[in-house]
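1. A structural model of the following input is requested.
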Amino acid sequence: MFSLFSDKTSYVKNYLLAEDTLHTLKIVEQLGAKIVQDGSSIEITPVKKLSEPDDVLDCGNSGTAMRLFCGLLASVEGSFVLRGDKYLISRPMKRVADPLRSIGEKIDGRENGNKAQLFIRGGKNLQPFTYSSPVDSAQVKSAMILA
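-> Sure, this is the predicted structure:
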């Protein structure tokens with residue numbers, strides 16, 4: 001994800017070729033980055049401006065990917081749909097959706113944005129923030145930083 005913010009190609013060695021990480025890599029590609037894989041090494045070349053994808057962004061069973069992409073996509077112009085498998089769509093997302101809404105992100109989904117599919121309208125109008133999390137959550141903090 002962080003390679004999308006760079007103006008240079010990122011090289012990742014010993015990339016974990018697991019379902020969750022491969023879903024994340026596919027989403028990075030759908031947002032416009034060029035991906036070259038060679039075994040467990042990956043080359044990610046970002047674009048100057050991330051693009052609105054033609055299809056939904058499938059997080060598979062990765063709650064971390066869904067929550068972090070909520071933050072990352074908050075500042076990207078366009079409309080985005082994050083979906084997951086039958087297990088992920090039952091997991092709570094409100095703990096990341098509410099703080100992101102508080103700084104201006106437009107995010108909705110089932111159960112008032114608590115369940116996926118999540119619909120995000122990204123933009124550049126996010127507000128500066130100070131956030132104190134009611135529960136310890138690296139995912140929420142990371143989503144806010146990415147936004």
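2. contacts only, for the nearest residue to T64 once chain neighbours are set aside.
-> Distances taken as C-beta to C-beta, 6 or more residues apart in numbering put Q139 closest to T64, at 5.9 Å, once the chain neighbours are dropped. (Glycine included, C-beta is placed from N, CA and C.) By C-beta atoms under 8 Å, 6 or more residues apart in numbering, the contact set of Q139 is 63-64, 67-68, 96.
3. can you turn the buried part of these into a ChimeraX selection?
-> Applying 16 or more other C-beta atoms under 10 Å to these, the buried members can be selected in ChimeraX as follows:
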select :63,67,68,96
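4. which of the contacts of Q139 lies closest to L17?
-> T64 (16.7 Å; C-beta to C-beta).
5. pretty sure the closest one sits against M1.
-> No: in this structure, T64 is not within contact of M1 by C-beta atoms under 8 Å, at 10.3 Å.
6. quick one on the thing from earlier: tell me the confidence at the residue nearest to T64?
-> Per-residue pLDDT puts Q139 at 91.
7. tell me the phi and psi of I35?
-> Per-residue torsions, I35: phi -120, psi 130 (degrees, to the nearest 10).
8. grab the nearest non-local neighbour of it.
-> E29 (4.8 Å).
9. in this protein, where's the longest strand?
-> When the chain is parsed with DSSP state E, its longest strand is strand 115-122.
10. give me the distance from that strand to the chain's centre.
-> 10 Å (C-alpha atoms, centre = their mean, to the nearest Å).
11. also stretch 23-32?
-> 10 Å.
12. go through the helix or strand the residue nearest to I35 falls within and flag the buried ones.
-> Assigned by DSSP states H and E, E29 falls within helix 19-30. For helix 19-30, a neighbour-count test (16+ other C-beta under 10 Å) marks 21, 23-25, 27-28, 30 as buried.
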